[in-house]
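1. pasted the sequence and its predicted model underneath.
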Amino acid sequence: MKVINIVGARPNFMKMAPIIEAMNKHPERIEHILVHTGQHYDEKMSVSFFGDLGMPHPDINLEVGSGSHAEQTARIMVAFEKICLKEKPDLVIVVGDVNSTMACTITAKKLGIKVAHVEAGLRSRDMTMPEEINRLCTDVLCDFLFTTDHWADENLMAEGIPKEKIFFVGNVMIDTLLKHREKAREVGLVDKEWRIKPGGFATLTMHRPSNVDDPGVFGGLLKALHEISRELPIVFPIHPRTRKMAEQFGLSHYFSSGDTVEGIWMTEPLGYMEFLHLNMNARLVLTDSGGLQEETTVLGVPCITMRNNTERPITCEVGTNFLVGNNPEKVLECARRILEGNVPEGRVPERWDGRAAERIVQVLLEKR
C-alpha cells in the first residue's frame with residue numbers, strides 16, 4: 001500500500017508523527033511519503049518540530065506559502081494534483097482542519113484516490129471559523145474517518161456518514177504527548193532558566209480573530225488577564241499576529257518582557273518540547289486554541305477556553321476544560337474559582353492512551 005501523508009501547519013506535525021512511527025513497523029506492507037504543503041512554514045520552528053518529534057523531513061515540500069484562503073487552497077490543489085499523478089498513491093492521509101486538509105482531500109478524491117481523515121467529526125457549529133468549513137468538506141468526502149471521542153462519532157452519523165466508515169481510535173495528539181512527556185519534564189525551562197516554581201504561573205495563548213481583531217474585545221481580555229497576573233504571573237508565548245494587533249491598538253503596555261517573569265510576560269513562540277514543559281508545570285492555562293484543550297485534560301491542568309464554542313466538548317464533559325467565552329468578567333470569575341481550588345478534577349477520555357496511531361494503521365491494513 002502506497003500512502004501519501006499530508007502536513008501543512010504546526011499542529012499537523014504532532015498528529016502525523018505517531019502515524020509515521022506506526023507505519024514504520026510494517027515496512028513490507030506500507031510505503032509512505034511525507035508531503036509538507038508549506039501552508040505555514042517557519043524554518044526555526046519546523047526544524048525544532050522535526051527534531052523534537054523524531055519525524056523524518058518531508059520528502060516533498062510544495063512551498064505554497066500564505067495568501068487568502070482561496071489563493072492558498074487553490075495553490076495547494078494545483079501542486080498536489082501533480083504529486084498524485086506522479087506518485088499514484090493508494091491512499092492519502094490528512095489530519096486536522098487546516099486548508100491543506102481540505103485541499104488535498106478534494107484533489108485526491110477527484111483523481112479517484114481514497115482518503116483517510118484523522119481527527120474526523122469535530123464540530124464547533126460556528127461557520128465563521130474557516131476550520132469548521134474545512135472539517136465539513138473533508139469528512140463528507142473521506143473513505144476512512146478516524147475519531148477521537150463519542151461526540152465525533154455522533155456528529156458524523158447525524159450528518160449521514162455510513163457507520164462502516166467511522167472508526168473510534170483515540171487521539172493521536174495524545175500519542176505524541178504521552179511519548180514525550182517525561183523528556184519534556186527534564187527541559188528545565190521553568191525552574192532553571194526562568195527561575196519560577198512549577199505551579200507558580202499560568203500559560204496563555206491567544207490568536208483568534210474573535211479575540212484579537214477588535215480593540216474593545218482584545219483590550220477587555222487583556223485587562224482581565226492583567227488582573228489575574230497580579231496573583232499569578234502569566235507566561236505568554238505570543239503569536240506574531242497577536243503582537244501586531246496589540247501594537248496597532250496601543251495595548252502593548254499590558255505586557256512585560258524583562259528578565260523577571262511578572263505580569264503578562266511575553267516570550268517568543270516555543271518548540272513542542274518547551275511548550276509541553278511549560279504547560280505541564282502551569283497552575284492553569286488560558287487559551288483560544290483547540291488542541292491545548294485536549295493536552296491540558298491529559299496533563300490534569302485546568303484550562304480556561306476563551307471562546308463561545310468548542311469542537312472538543314469531551315474536554316468539558318470529562319476533562320479539565322472550562323468554556324467561558326471572551327467576556328472578561330467570566331474569565332476572571334473562572335480563574336478565581338480555579339485558584340481557590342473550587343473546581344472538580346477531570347479524567348482522561350476513553351482511548352486517549354497513546355495507541356491511537358497503532359489502531360489507525362491496523363484498520364488501514366485490514367480494511368483497504
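-> All right, it came through fine.
2. what sits against Ala9?
-> For Ala9, the contacting residues are 39-40, 96, 98, 100, by C-beta atoms under 8 Å, 6 or more residues apart in numbering. Where C-beta positions appear, they are placed from N, C-alpha and C, glycine not excepted.
3. change it to 6 Å
-> 39-40, 98 (C-beta atoms under 6 Å, 6 or more residues apart in numbering).
4. just the buried residues of the residues you listed.
-> Those of the contacts of Ala9 that meet the buried threshold are 39-40, 98, by 16 or more other C-beta atoms under 10 Å.
5. quick one: which of those is nearest Leu225?
-> His40 (25.7 Å; C-beta to C-beta).
6. does that closest one count as helix, strand or coil?
-> Of the three states, His40 takes coil under DSSP: H, G, I helix; E, B strand; the rest coil.
7. once you drop chain neighbours, what's closest to it?
-> In this structure, His40 finds its nearest non-sequential neighbour in Ala9, 4.1 Å apart by C-beta to C-beta, 6 or more residues apart in numbering.
8. where's the one you found relative to Ser257, distance?
-> 26 Å (C-beta to C-beta, to the nearest Å).
9. next one: Arg355
-> Taken as C-beta to C-beta, the span from Arg355 to Ser257 is 41 Å.
10. the helix-or-strand element of the chain with minimal mean pLDDT: what's the following helix or strand?
-> Least confident helix or strand, the chain: helix 43-53 with a mean of 70, by mean pLDDT, DSSP states H and E. Note on helix 43-53: by DSSP states H and E, the next helix or strand toward the C-terminus is strand 60-61.
11. could I get the average pLDDT for that next one?
-> For strand 60-61, mean pLDDT is 94.
12. helices and strands around it, which ones?
-> Helices and strands touching strand 60-61, as assessed by 3 or more C-beta pairs under 6 Å, 6 or more residues apart in numbering; DSSP states H and E, are absent.
13. one more time with 7 Å
-> Here strand 60-61 touches strand 31-36, going by 3 or more C-beta pairs under 7 Å, 6 or more residues apart in numbering; DSSP states H and E.
14. and the strand it packs on, what does it pack against?
-> With contacts taken as 3+ C-beta pairs under 7 Å, 6+ apart, strand 31-36 sits against strand 2-7, helix 10-23, strand 60-61.
15. pairing partners for whichever strand or helix holds Val235, with directions?
-> In this structure, Val235 sits in strand 234-237 according to DSSP H and E. The strands beside strand 234-237 in its sheet (DSSP bridges) come out as strand 202-204 (parallel), strand 264-267 (parallel).
16. what residues of stretch 163-170 count as buried?
-> Buried-residue list, stretch 163-170, by 16+ other C-beta under 10 Å: 165-170.
17. redo those as CSV? Include secondary structure and pLDDT.
-> Converted to CSV, these look like this (DSSP: H, G, I helix; E, B strand; the rest coil; pLDDT from 0 to 100):
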residue, secondary structure, pLDDT
Lys165, helix, 98
Ile166, strand, 98
Phe167, strand, 98
Phe168, strand, 98
Val169, coil, 98
Gly170, coil, 98
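18. who's in contact with Arg241?
-> His207 (C-beta atoms under 7 Å, 6 or more residues apart in numbering).
19. mind checking pLDDT for it?
-> 89.
20. after the helix or strand containing it, which helix or strand is next? Please name it.
-> With elements taken from DSSP H and E, the one containing Arg241 is helix 240-248. Sequence order places strand 255-256 as the next helix or strand after helix 240-248, per DSSP H and E.
21. any residues touching that following strand, and which ones?
-> Against strand 255-256 from outside (C-beta under 7 Å, 6+ apart): 262-266.
22. ok, Asp52 touching Gly271?
-> Yes - at 5.6 Å, Asp52 and Gly271 qualify as touching, with contact defined as C-beta atoms under 7 Å.
23. domain assignment for the chain?
-> The record assigns the chain these domain ranges, following automatic domain parsing: 2-171+352-367, 180-339.
24. turn those into a markdown table, including distance to Gly346.
-> Shown next, in a markdown table, are the domains of the chain (distance: least, C-beta to C-beta, whole Å):
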| stretch | distance to Gly346 |
| --- | --- |
| domain 2-171+352-367 | 12 |
| domain 180-339 | 4 |
